[in-house]
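**Student:** Need coordinates for the below:
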Amino acid sequence: MEITINHTTKKFEKPPENLEALLAMELPEKKKGIAVALNNRIIPQSFWAETFLNDKDSVLIITATQGG
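**Tutor:** So this is what the prediction gives:
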C-alpha cells in the first residue's frame with residue numbers, strides 16, 4: 001500500500017489499519033496538538049480510529065509548535 005504523508009510517498013508492507021494507527025507509527029511520542037487532513041478533508045480527532053486508509057490516500061499531518 002502507498003500512502004502520501006506530507007507530500008512524501010511511503011510504501012507499507014503492513015499498512016496501518018486506520019488513521020489513528022498511522023499517527024501512532026509516524027508520531028509515537030505526540031498525542032496532542034495534531035491536526036490531520038485525509039485527501040484534503042480535515043478529520044476530527046474523534047474520528048481517527050474509525051477512518052480507514054486506502055491505497056494512494058494523501059495524509060497531511062500538522063503539529064503545533066511552541067515559540068514565536
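**Student:** pLDDT weak spots in this structure?
**Tutor:** For the chain, residues meeting the criterion pLDDT under 70 lie at 67-68.
**Student:** Strands of that one, start to end?
**Tutor:** Along the chain, counting by DSSP state E, strands occupy 2-5, 8-11, 34-38, 41-42, 57-63.
**Student:** Tell me which of these lies nearest to A49.
**Tutor:** The minimum distance between A49 and the strands of the chain falls on strand 34-38, with 12.2 Å, by C-beta to C-beta. C-beta here means a position set from N, CA and C on the backbone, and glycine is covered the same way.
**Student:** I would like the residues contacting that closest one, please.
**Tutor:** Residues outside strand 34-38 that contact it (C-beta atoms under 8 Å, 6 or more residues apart in numbering): 19, 23, 27, 42-43, 45, 48, 51, 53, 57-64.
**Student:** can we see that at 10 Å?
**Tutor:** 3, 19-20, 22-23, 26-27, 42-45, 47-48, 51-54, 57-64 (C-beta atoms under 10 Å, 6 or more residues apart in numbering).
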